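Enquirer: Okay, here's the prediction I keep looking at, along with the sequence it came from:
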Amino acid sequence: MTNIPTDLLRTFVTIKDLGGFTSAGELLGRSQPAISLQVKKLEEILNTKIFLRGSSLELTEDGEYLYESARSILEINDQIIAKVRGDNVSGKVRLGIPNDFELAFLPKALRNLSRVYPNIIVEVDCEISKVILQRYQKGHYDIALAMERAKDNEDRDSRDYRLENIEWVYKESRLTSCHDDPIQLIAYPQGCVYRSIMEEALKGQHHPYRFMYTSTSLLGIFSAVEEGLGVTAMASSVIPEHLKHTGSTASLPSLEKVCIGLYYKPRELNVASRHVLDFLRSGIANL
C-alpha cells in the first residue's frame, strides 16, 4: 500500500494557493530547492506530473484532482490533531460580511468551527458590500465576504467565490398592476449591488419605478415585502422559502448574476484566520 506523506500534500497545496515555490517556501520555512524536491518526490510517488512546466504554475488534470483531494485530506488531518491532541488554536478574527449572507450560512459555519476550534473568536461586522470592501481596504477585517457584479472571467481560487442568480422577491398582489404603473421597490441604501441591478434592468425595459422603502436591515426589507409595500431583489440562496420569488415576469425583467466572493491577504492570515477561511469556503460551497 502506497501512502502520501501529508507534508508533501501541504507543500503542494501551499504552492498552488500562493502561486509560487518561493512564496510557499517562505511560509513553510523551507528553501526553494527543498520545496522543489518535495514536489518531485510527490510526483514520483504518484507517477505523474502535477504542474505544467512553463512560465506559469498551472496544474495538469491529475494536479487539479490532487489539489481538491489534498485540501480535504489536510482539513481532516488538522481537525483530528486539534481535537485529539487538544491543541487549542485561539485567536480573534475580524470578519466583514453582507447582511443577507450573515443569515444565510454564517451561523452554521461558525457553529461547525466552534466544535473543532472553540477558542477562536470571530468578530462579525455586517454592512452592504460596498462598505465592506471599503473597510477591508483600510485594514478593518482579516477576511471579508462581499457581493459584486459577476465578471466574464474570475481569475482566482474557485473556492473563494460563487456565482448567484438574482431573483425578484414579492408578495403576489404586487405583480397585478399594469405595465404603466411604477414598480414600487424595496432596497438597501445607495451603493447596494441589488439596488443598482434592479434600477438598470427596469430602465432598460423603460418601465417606471420608484423606491418605496429603503433599509440597512435585511429583516426590515423582508418585512416590507411581506406587508406588500413593494418588490425587491435578492440572491437566490438567501431568499426565505416562505417568500415568493421569480427570475422574471411580464412586468419584471430578468436580472444579471452576481459574484459572492471572499477577500483576504494570504500572507497576513494567522492560524486562526486560516481555519475560519476554510469554514467560510465550505459555507459558500453549501449555500
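Expert: Sure, I can see it. Numbering: from 1, shown residues only.
Enquirer: List the buried residues in the helix or strand in which Y136 is found.
Expert: Y136 belongs to helix 129-137 when assigned by DSSP states H and E. Residues of helix 129-137 classed as buried under the neighbour-count rule (16 or more other C-beta atoms under 10 Å) are S129, K130, V131, I132, L133, R135, Y136. (Each C-beta comes from the backbone N, C-alpha and C, glycine too.)
Enquirer: Next secondary structure after that helix?
Expert: Criterion used, DSSP H and E; the element after helix 129-137 is strand 143-149.
Enquirer: and L28, what pLDDT?
Expert: With respect to pLDDT, L28 scores 79.
Enquirer: The residue nearest the centre of the chain: what secondary structure?
Expert: The centroid of the chain falls nearest to G261 when counting by C-alpha atoms, centre = their mean (3.8 Å). Using DSSP: H, G, I helix; E, B strand; the rest coil, the structure places G261 in strand.
Enquirer: and it, what does it touch?
Expert: L145, A146, M147, E148, E154, R156, D160, Y161, R162 (C-beta atoms under 8 Å, 6 or more residues apart in numbering).
Enquirer: now the angle between strand 143-149 and the helix holding Y136, please.
Expert: Orientation check (axes from the mean of the first three to the mean of the last three C-alpha atoms, to 10 degrees): helix 129-137 against strand 143-149 gives 140 degrees.
Enquirer: pLDDT weak spots in the stretch 101-250 of the chain?
Expert: Scanning the stretch 101-250 of the chain for pLDDT under 70 picks out the ranges 173-180.
Enquirer: try it again with 80
Expert: 102-105, 108-109, 112, 115-116, 152, 154-155, 172-181, 247-250 (pLDDT under 80).
Enquirer: so where do the strands sit in the protein?
Expert: Under the criterion DSSP state E, strands of the chain are mapped to 91-98, 120-127, 143-149, 161-164, 166-170, 183-187, 209-214, 232-235, 244-246, 258-264.
Enquirer: out of these, which comes closest to T22?
Expert: strand 258-264 (20.3 Å; C-beta to C-beta).
Enquirer: Only the buried residues of stretch 248-267, if you could.
Expert: S251, L252, P253, L255, V258, C259, I260, G261, L262, Y263, Y264.
Enquirer: tell me the least confident of the residues you listed?
Expert: Within the buried residues of stretch 248-267, lowest confidence goes to S251 (77).
Enquirer: Test my guess that that one contacts I183.
Expert: Yes. With contacts counted by C-beta atoms under 8 Å, S251 reaches I183, the gap being 7.1 Å.
Enquirer: Just list what the longest helix along the chain packs against, helices and strands only.
Expert: In the chain, assigned by DSSP state H, the helix with the most residues is helix 61-84. Contact here means 3 or more C-beta pairs under 8 Å, 6 or more residues apart in numbering; DSSP states H and E; on that basis helix 61-84 packs against helix 6-18, helix 99-116.
Enquirer: In a markdown table: the ones you listed, plus distance to L243.
Expert: What follows is the helices and strands packed on helix 61-84, written out as a markdown table (distance: least, C-beta to C-beta, whole Å):
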| stretch | distance to L243 |
| --- | --- |
| helix 6-18 | 38 |
| helix 99-116 | 12 |
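Enquirer: will you turn these into TSV that also has distance to L229 and mean neighbour count?
Expert: TSV is the format used below for the helices and strands packed on helix 61-84 (distance: least, C-beta to C-beta, whole Å; neighbours: other C-beta atoms under 10 Å):
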stretch	distance to L229	mean neighbour count
helix 6-18	46	20
helix 99-116	18	17
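Enquirer: Compare those and give me the one nearest G247.
Expert: helix 99-116 (17.8 Å).
Enquirer: Residues contacting that closest one, please?
Expert: 79, 82-83, 97, 120, 122, 124, 126-128, 145, 147, 188, 216-218, 234-235, 237-238, 260, 275-276, 279-280, 282-284, 286-287.
Enquirer: Then stretch 130-137?
Expert: Looking at what lies outside stretch 130-137 - C-beta under 8 Å, 6+ apart - the contacts are 96-98, 125, 127, 141, 144-146, 191-193, 263.
Enquirer: Using PDB, list the CA coordinates for that stretch.
Expert: C-alpha atoms of stretch 130-137 as PDB (Å, rounded to 0.1, in the frame of the first residue of the first chain):
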ATOM      1  CA  LYS A 130     -19.600  48.500  -1.000                       C
ATOM      2  CA  VAL A 131     -18.900  49.500   2.600                       C
ATOM      3  CA  ILE A 132     -17.500  46.100   3.500                       C
ATOM      4  CA  LEU A 133     -14.900  46.400   0.700                       C
ATOM      5  CA  GLN A 134     -14.000  49.900   1.600                       C
ATOM      6  CA  ARG A 135     -13.400  48.900   5.200                       C
ATOM      7  CA  TYR A 136     -11.400  45.800   4.100                       C
ATOM      8  CA  GLN A 137      -9.100  48.000   2.000                       C
END
